[in-house]
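>>> Take this sequence and fold it.
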Amino acid sequence: MSVLHPGDCHRFEAAGRRFMYLAPSAAVVAIDDVSAAVLAAVDDRPRTGDDLVAALTGAHGADGVAESIAELVRVRAILPKVAAPPKRPRVLPLTPVPLSTMVLNVTNQCNLSCAYCYEYGEDKIVQTDNGRQPKWMSEETARESVDFLLRESGSSAHLTFFGGETLMNFKILQFAVGYATARAAALGKAIDFSLTTNATLLKPDVIEFLAEHRFGVTISIDGPKEIQNKFRVFHNGAGSYDLVAPKIKALIARHRSRPIGARVTLTRETLDVRRIYEHLTDELGFWEVGFAPVTSAPGRDHAFGDEGFDHVLEAFRDLAVDYRDAAIAGRHHGFSNVRETLEEIHKGASKAWPCGAGFGLLGVSTAGDVNLCHRFAGSDDHKLGTVRDGIDREAQRAFLDAHHVDDKTDCQTCWARPLCAGGCYHEAHTRQGSTVRPNLHYCEWIRGWTDTCLRIYGEIAERNPAFLEQFEGHHEAPQPS
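Residues are numbered from 1 along each chain as shown. Below you'll find the model as predicted:
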């Protein structure tokens with residue numbers, strides 16, 4: 001009989017119960033006493049099935065132990081050491097995947113000069129000063145882009161606007177929304193809109209337009225005045241907080257149909273997660289706040305090192321406890337990093353690729369080039385076609401094949417791979433020079449954060465399972481009143 005070893009899973013406790021997260025199936029499973037005893041015995045030292053039955057029969061009965069062993073082997077929670085992980089079939093789309101989200105880069109210009117910006121700083125991918133990529137998207141390109149989206153989408157589509165600073169080309173945004181609304185209606189398709197903005201240009205007429213068209217709005221803002229003004233400055237070095245704060249409050253007061261979210265960039269110099277969160281929610285009124293460590297090559301002044309990731313993980317864990325307590329009590333909490341991971345856990349997400357970039361989501365440059373996502377918009381090395389000629393299916397399939405998680409050797413033994421699949425392509429390109437490589441610099445961070453979210457998921461599932469219904473598709477998440 002084969003000797004059994006710890007398998008492809010992660011065990012954790014929540015609400016006084018034992019659970020395991022099974023990487024092959026992305027399932028969260030409660031562990032009974034017999035299974036817990038088998039797993040503990042295998043952890044202590046590798047054993048054969050006969051050894052396990054002999055050691056545990058007195059406490060649990062031979063039949064129960066044998067059944068538990070068989071089930072744990074079946075789900076790969078314990079494994080014969082000689083057994084190689086089963087090779088998943090390489091499932092590439094046989095027919096084109098409908099395009100669900102198109103990110104339209106309406107300008108590559110910005111009225112801020114953020115020191116850490118990937119678009120304009122030392123880590124810039126696309127050169128926009130060579131004349132090939134226009135500074136502003138034209139009406140013609142916007143029309144062609146909308147036609148492309150509606151041609152490639154299914155029964156519904158999402159159009160999101162991006163920059164540079166998106167609202168610097170508000171005229172084209174208005175045109176695209178009007179044209180897309182009319183064309184979608186004529187085709188019997190549903191379409192909705194969103195944008196990301198730095199909030200500097202949120203004038204009353206802009207706010208009215210966003211509210212009227214039920215835009216999803218994400219504001220790029222880094223926190224209280226002294227944190228915001230550290231990096232998010234105008235070209236003359238002046239801070240932006242005093243300008244954007246009243247505009248944000250005006251937007252939130254008027255636009256009540258959809259929640260307004262904040263997107264915070266964390267650097268090694270701006271790490272006070274709780275203070276930032278409480279300021280943005282309690283003082284400015286954001287419904288939710290998401291945080292992302294800065295994307296930067298390791299040598300930059302603002303880049304994260306191991307110590308920075310450790311600090312943010314502890315800060316995230318601290319704030320996640322507040323989310324857990326609010327969820328158990330049936331109250332809203334706006335820490336979107338937790339919410340997004342809980343939704344993936346609840347839905348059993350098991351990713352072959354880290355995100356929809358390259359198939360379900362595509363970015364369009366100001367010239368109409370179709371790229372992996374908005375962060376690569378205009379890059380010839382990451383181009384998958386044009387809005388005029390359509391998607392280059394051969395290039396798309398080659399990209400998907402080369403970036404499949406099964407080809408990322410370092411990911412194969414990681415229990416968190418169903419939720420990570422190697423991480424962000426742009427992060428990998430910036431840090432390691434290639435989108436193909438997994439983001440090994442934050443593996444421990446991903447595992448630590450996933451463990452935290454699994455524990456929170458277990459606590460909520462045990463104490464207020466109704467809260468999780470919002471992630472099941474037919475329920476809507478709570479909205480601001």
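
>>> quick one: secondary structure of residue 58?
Classification of residue 58 into helix, strand or coil gives helix, according to DSSP: H, G, I helix; E, B strand; the rest coil.

>>> chain center to stretch 379-395, what's the gap?
Distance of stretch 379-395 from its chain centroid, counting by Cα atoms, centre = their mean, to the nearest Å, is 24 Å.

>>> Next: stretch 251-263.
Stretch 251-263 sits 20 Å away from the centroid of its parent chain (Cα atoms, centre = their mean).

>>> can you list the residues that contact it?
With contacts defined as Cβ atoms under 8 Å, 6 or more residues apart in numbering, stretch 251-263 is touched by 196, 199, 202, 207-208, 210-211, 214-221, 248, 280, 284-290, 292, 336, 479-480. Yep, even glycine has a C-beta here, placed from its N, CA and C like the rest.

>>> What's the ChimeraX line that selects buried ones from those residues?
The buried residues among those can be selected in ChimeraX (16 or more other Cβ atoms under 10 Å) with this line:
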select :196,199,202,207,210,211,215,216,217,218,219,220,221,248,280,284,286,287,288,289,290,336,480
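
>>> What about the contacts of stretch 251-263, which are in strands?
Counting by DSSP state E, those place 196, 216-220, 288-290, 292 in strands.

>>> mind checking how far stretch 67-81 is from the chain centre?
Shown here is stretch 67-81, whose average C-alpha point lies 32 Å from the average C-alpha point of the whole chain (Cα atoms, centre = their mean).

>>> Pretty sure residue 392 sits against residue 398.
No. Between residue 392 and residue 398 no contact is recorded; they are 9.2 Å apart, counting by Cβ atoms under 8 Å.

>>> Those two: who's more crowded?
The residue with more neighbours, out of residue 392 and residue 398, is residue 392; 15 against 12, by other Cβ atoms under 10 Å.

>>> could you list every residue that touches that one?
For residue 392, the residues meeting the contact criterion (Cβ under 8 Å, 6+ apart) are 383-385.

>>> What is the nearest of those to residue 472?
Minimum distance to residue 472 across the contacts of residue 392 is 32.5 Å, recorded for residue 384 (Cβ to Cβ).

>>> Would you agree that closest one falls within a strand?
Yes. With three-state DSSP as the criterion, residue 384 is located in a strand.

>>> before we move on, back to that, from the contacts of residue 392, which is closest to residue 160?
So of the contacts of residue 392, ranked by how close each gets to residue 160 (Cβ to Cβ), first place is residue 384, at 17.6 Å.

>>> roughly how far apart are the closest one and residue 408?
From residue 384 across to residue 408, the span is 21 Å (Cβ to Cβ, to the nearest Å).

>>> ok, back up a step: mind putting the ones in strands among the contacts of stretch 251-263 in CSV, distance to residue 6 and pLDDT included?
Compiled in CSV, those are given as follows (distance: Cβ to Cβ, whole Å; pLDDT from 0 to 100):
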residue, distance to residue 6, pLDDT
196, 43, 98
216, 43, 98
217, 46, 98
218, 41, 98
219, 45, 98
220, 43, 97
288, 37, 98
289, 37, 98
290, 34, 98
292, 33, 92
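
>>> could you dump those to JSON lines with distance to residue 54?
Formatted as JSON lines, the entries for those read as follows, by distance: Cβ to Cβ, whole Å:
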{"residue": "196", "distance to residue 54": "61"}
{"residue": "216", "distance to residue 54": "60"}
{"residue": "217", "distance to residue 54": "63"}
{"residue": "218", "distance to residue 54": "59"}
{"residue": "219", "distance to residue 54": "63"}
{"residue": "220", "distance to residue 54": "62"}
{"residue": "288", "distance to residue 54": "54"}
{"residue": "289", "distance to residue 54": "54"}
{"residue": "290", "distance to residue 54": "52"}
{"residue": "292", "distance to residue 54": "52"}
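
>>> of all those residues, which comes closest to residue 367?
With Cβ to Cβ as the yardstick, the closest approach to residue 367 among these comes from residue 196, at 20.1 Å.

>>> is the residue nearest to the closest one when sequence neighbours are not counted in a bridge, and if so with what?
Take residue 196 and drop its neighbours on the chain: the residue closest to it by Cβ to Cβ, 6 or more residues apart in numbering is residue 218, 4.7 Å away. On the basis of DSSP bridges, residue 218 takes part in beta bridges with residue 196, residue 261.

>>> so how far is residue 161 from residue 218?
For residue 218, the distance to residue 161 under the criterion Cβ to Cβ works out to 11 Å.

>>> Need the residues touching each of those two.
194-196.

>>> so how many other residues sit close to residue 117?
Using other Cβ under 10 Å, the number of residues around residue 117 comes to 21.

>>> where does it fall, helix, sheet strand or coil?
Each residue gets one of three states, and residue 117 gets coil by three-state DSSP.

>>> That one: what's it in contact with?
Taking Cβ under 8 Å, 6+ apart, we find residue 117 in contact with residue 110.

>>> got it, and residue 144?
When contacts are counted by Cβ under 8 Å, 6+ apart, residue 144 is found next to 368, 387-388.

>>> Which one (most neighbours) among these?
Neighbour counts for those, by other Cβ under 10 Å, peak at residue 387, which reaches 26 neighbours.

>>> which non-adjacent residue is nearest it?
Closest residue in space to residue 387, ignoring its immediate chain neighbours: residue 148 at 3.9 Å, by Cβ to Cβ, 6+ apart.

>>> Kindly report the same for residue 347.
On the basis of Cβ to Cβ, 6+ apart, the spatially nearest residue to residue 347 that is not a chain neighbour turns out to be residue 471, at 6.3 Å.

>>> pLDDT weak spots in the stretch 151-300 of the chain?
Low-confidence regions of the stretch 151-300 of the chain, defined here as pLDDT under 70, cover residues 296-300.

>>> secondary structure class for residue 367?
With three-state DSSP as the criterion, residue 367 was assigned coil.

>>> what's the angle between the host helix or strand of residue 310 and strand 288-293?
Using DSSP states H and E, the secondary-structure element containing residue 310 is helix 306-328. Going by axes from the mean of the first three to the mean of the last three Cα atoms, to 10 degrees, helix 306-328 is angled at 160 degrees with respect to strand 288-293.

>>> same for helix 306-328, what does it pack against?
In this structure, helix 306-328 packs against helix 273-278, strand 288-293, helix 336-346, helix 443-463, with contacts taken as 3 or more Cβ pairs under 8 Å, 6 or more residues apart in numbering; DSSP states H and E.
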